[in-house]
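Engineer: no sequence on this one, just coordinates:
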């Protein structure tokens, strides 16, 4: 199946710093999504991207859908302690029936904020 | 926003027993639900696609006879891990596909079920 390469695997930053993470794929996706997962919980959607080249913001978060449809990045500005967690990118394809296939997830970026 | 309820949140069982996990869409009808498995410190891996009123579609490498999926109604899908073994211990997460107007489709995730098989 398809695989997503997500980097970095982990980030150790100071509070207030900006964060950037990205995902690349060997094949295209119709939709790119970014999720955050806290321990013992299901992932929570942060941003969804539906069009190649789309740049979308959600508060301090900004994400872009690459023009080739094979990559996406997520930026977090002015990080705060509650940003700690694991961030996953996910790609989604639309099947021939017009419905959505299950998501393919990246391996995650573990964000750690040092006091 | 739409809510997906997953139950139980955690379960401990003896090897050889079967465990059922429920996934409910509380305020919308979901003809399609997905089941994922996540091992510690790893990503979520799609196990199967559950379609209401029809057989589930399993990903390569997932045993359909071991992981039974039933999507008998538009708001409920169940995953039964049959004859569970310690290697089945994992975090299982469901998601439900919400279909709004036009192309507005969104996935909502349950809070997951931690299965520990002794």
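Structural biologist: The structure has been received and is ready for your questions. Owing to the predicted nature of the structure, the values given are computational and were not obtained by experimental measurement.
Engineer: pLDDT weak spots in the chain?
Structural biologist: All of this is about chain A. Residue ranges of chain A with pLDDT under 70: A:1-2, A:96-100.
Engineer: wrong one, I was asking about chain B
Structural biologist: Along chain B, the parts satisfying pLDDT under 70 run over B:1-2, B:101-104.
Engineer: for it, longest strand please?
Structural biologist: Longest strand in chain B, counting residues (DSSP state E): strand B:90-99.
Engineer: Please state the offset of it from the chain centre?
Structural biologist: Its chain's C-alpha centre and that of strand B:90-99 lie 6 Å apart, by C-alpha atoms, centre = their mean, to the nearest Å.
Engineer: Could you do stretch A:41-60 as well?
Structural biologist: Distance, stretch centre to chain centre, for stretch A:41-60: 7 Å (C-alpha atoms, centre = their mean).
Engineer: Would you mind naming what in chain B lies close to chain A?
Structural biologist: Residues of chain B that fall close to chain A, judged by C-beta under 8 Å from any C-beta of the partner chain: B:6, B:9, B:32, B:34, B:36, B:42-46, B:49, B:59-60, B:91, B:93, B:95, B:97, B:103, B:105-112, B:114. Glycine gets a C-beta too; all of them are placed from N, C-alpha and C.
Engineer: Check which helices and strands the longest strand of chain B sits against.
Structural biologist: Other helices and strands packing on strand B:90-99, by 3 or more C-beta pairs under 8 Å, 6 or more residues apart in numbering or on different chains; DSSP states H and E, are strand B:4-7, strand B:19-25, strand B:32-38, strand B:76-81, strand B:105-109, strand B:113-117.
Engineer: what's the angle between the second one and strand B:76-81?
Structural biologist: Using axes from the mean of the first three to the mean of the last three C-alpha atoms, to 10 degrees, the interaxial angle of strand B:19-25 with respect to strand B:76-81 works out to 160 degrees.
Engineer: buried sites along strand B:19-25?
Structural biologist: Buried residues in strand B:19-25, counted by 16 or more other C-beta atoms under 10 Å in any protein chain shown: B:19, B:21-25.
Engineer: so can I have CSV of those residues showing distance to residue A:106?
Structural biologist: Supplementary listing: the buried residues of strand B:19-25 in CSV, determined by distance: C-beta to C-beta, whole Å:
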residue, distance to residue A:106
B:19, 28
B:21, 25
B:22, 28
B:23, 23
B:24, 28
B:25, 26
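Engineer: just these now: which is nearest residue B:81?
Structural biologist: Set against residue B:81, the nearest of the buried residues of strand B:19-25 by C-beta to C-beta is residue B:19 (4.8 Å).
Engineer: Who is the closest one paired with across the strands?
Structural biologist: Under DSSP bridges, the beta-bridge partners of residue B:19 are residue B:81.
Engineer: Correct me if wrong: it contacts residue B:89.
Structural biologist: No. If you go by C-beta atoms under 8 Å, residue B:19 and residue B:89 don't touch, sitting 10.6 Å apart.
Engineer: which residues do the two both contact?
Structural biologist: Overlap of the contact sets of residue B:19 and residue B:89 (by C-beta atoms under 8 Å, 6 or more residues apart in numbering or on different chains) consists of residue B:115.
Engineer: before we move on, back to that, which of the helices and strands packed on strand B:90-99 is buried the deepest?
Structural biologist: Burial of the helices and strands packed on strand B:90-99 is given as mean neighbour count (mean count of other C-beta atoms under 10 Å in any protein chain shown); strand B:32-38 ranks first at a mean of 25.
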